[in-house]
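In: Provide a 3D model corresponding to the input given below.
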Amino acid sequence: CDRCCYACLKPIGVRPLEVKTARKGRGGSAQQQQPGRPSGNPVETLRFQCPDCQNVFCADCDAFLHETLHNCPGCLCSAA
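Out: Numbering: from 1, shown residues only. So this is what the prediction gives:
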């Protein structure tokens, strides 16, 4: 999936939806549920792709992979 980080599964470039729950109106009947809208939360759009295995990583995981782990988990999984 190119919409989420391969390492932490955090969505990348996709806004989470705000879903409103149905509330009771004045007459006691439930109002219709409104469709979800993009929330005001910031969206992480910066993503990095491994040139060998083509897996996508968020900025935090990419920094961890380069600075600490020094290996791509996608390449390590496919090297069996």
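
In: quick one: name whatever helix or strand follows the lowest-mean-pLDDT helix or strand in the chain.
Out: Least confident helix or strand of the chain, by mean pLDDT, DSSP states H and E, is strand 37-38 with a mean of 46. Tracing the chain past strand 37-38, the next element assigned as helix or strand by DSSP states H and E is strand 47-49.

In: and stretch 49-59, what's buried?
Out: Within stretch 49-59, the residues scored as buried using 16 or more other Cβ atoms under 10 Å are 50, 55, 56, 57, 58. Where you see a C-beta, it was placed from the backbone N, CA and C, and this is true even at glycine.

In: go through those and name the one nearest residue 68.
Out: residue 57 (13.3 Å; Cβ to Cβ).

In: how about the residue nearest to residue 73 when sequence neighbours are not counted, phi and psi?
Out: The shortest distance from residue 73 to any non-neighbouring residue, by Cβ to Cβ, 6 or more residues apart in numbering, is to residue 7 (5.8 Å). Backbone torsions for residue 7, taken as degrees, to the nearest 10, come to phi -80, psi -50.
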